[in-house]
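Asker: got a sequence here, can you build the structure:
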Amino acid sequence: ELLSTNVRVTIVFPGAIATNITQNSGIAIPAAGDADSAKSFPTTSAEDAAKIILNGIERDKFQVYVGRDAKMMNYFYRLSPFRATRFMYNQMKGLLPA
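Answerer: Sure thing, here's the model as predicted:
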């Protein structure tokens, strides 16, 4: 509905960004934020994420993927939507309380 206007939209697909979102969520997630888990699961700094997002907006990109994990999930989902969804479910279910 906005295609013929000057309004532009950029969709951002963030991967794991190094923020305090888990601490601020009110849900205790085991090992979230400790040094060992940070090494085993690479994240993008908030500053780098902001630069990537702003660069995408300035270049009028329709989609911006932030982090290698976001790019990998995009390809994985294109290859096999069901398996990609199941993979994400299995990754997340171990983090959330039962």
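Asker: so who does residue 6 touch?
Answerer: With contact set as Cβ atoms under 8 Å, 6 or more residues apart in numbering, residue 6 has no partners. Where C-beta positions appear, they are placed from N, C-alpha and C, glycine not excepted.
Asker: which parts of the protein are helices?
Answerer: Secondary structure of the chain (DSSP state H): helices at 21-24, 35-40, 46-58, 68-79, 81-93.
Asker: which neighbouring elements make contact with the shortest one?
Answerer: Where contact means 3 or more Cβ pairs under 8 Å, 6 or more residues apart in numbering; DSSP states H and E, helix 21-24 is not packed against any helix or strand.
Asker: now it: buried residues?
Answerer: If you call a residue buried by 16 or more other Cβ atoms under 10 Å, then helix 21-24 has no buried ones at all.
Asker: so what's residue 44 bridging to?
Answerer: In this structure, residue 44 bridges to residue 17 when assessed by DSSP bridges.
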